[in-house]
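Student: Need coordinates for the following:
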Amino acid sequence: MIALVAATLFVAAVPDVAPITPNATLSANSLSIKAEPAVLPGVAVTLECTARLDGRVEDCQVLGETHPGLGFGEAAVALMRDAEVMPPPRERRFAHTIQFTPARD
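Tutor: The predicted model follows:
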């Protein structure tokens, strides 16, 4: 099982949406991810989410992932559950990529 040090968040260029600031810190132990025994060089998951008028992020769906079927897509959606953005002038969909970095032993 891969221990995740951090999920580094990158926001795609979307007008009127500020960078995402999660309200909670998640540890690697709080996520259940099925992974191959070998260390993966890096995992990226791209999501499409909705920014609500109050800044909440909702309705995230996986658009793509580098290693499908290993649980990283579900983990990325879980990380976004408590995320917030600067309130946009109107509700809008935006793309967001999360990169998972394996722990160094």
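Student: looking at the sheet around the closest residue to R92 other than its chain neighbours, what are its partners?
Tutor: In space, and not counting its chain neighbours, R92 is closest to A51: 5.5 Å by C-beta to C-beta, 6 or more residues apart in numbering. All C-beta atoms are positioned from the backbone trio N, CA, C, and that covers glycine. With DSSP bridges applied, A51 shows beta-bridge pairing to V57, R92.
Student: How about the contacts made by A51?
Tutor: A51 is in contact with 17, 57, 85, 87-88, 91-94, counting by C-beta atoms under 8 Å, 6 or more residues apart in numbering.
Student: From the residues you listed, pick the one nearest A103.
Tutor: V57 (26.5 Å; C-beta to C-beta).
Student: I figured the closest one hits L79, correct?
Tutor: No: with contacts counted by C-beta atoms under 8 Å, V57 stays clear of L79, the gap being 10.3 Å.
Student: gap between R104 and V85?
Tutor: Applying C-beta to C-beta, to the nearest Å, the value for R104 to V85 is 31 Å.
Student: quick one on the thing from earlier: kindly reformat the contacts of A51 as CSV containing distance to P68.
Tutor: Output for those, formatted as CSV (distance: C-beta to C-beta, whole Å):
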residue, distance to P68
V17, 26
V57, 22
V85, 26
P87, 33
P88, 30
E91, 29
R92, 27
R93, 22
F94, 22
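Student: could you dump the residues you listed to a markdown table with pLDDT and distance to T66?
Tutor: Formatted as a markdown table, the contacts of A51 follow (pLDDT from 0 to 100; distance: C-beta to C-beta, whole Å):
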| residue | pLDDT | distance to T66 |
| --- | --- | --- |
| V17 | 52 | 24 |
| V57 | 96 | 22 |
| V85 | 93 | 24 |
| P87 | 93 | 31 |
| P88 | 92 | 29 |
| E91 | 96 | 29 |
| R92 | 95 | 26 |
| R93 | 96 | 22 |
| F94 | 96 | 20 |
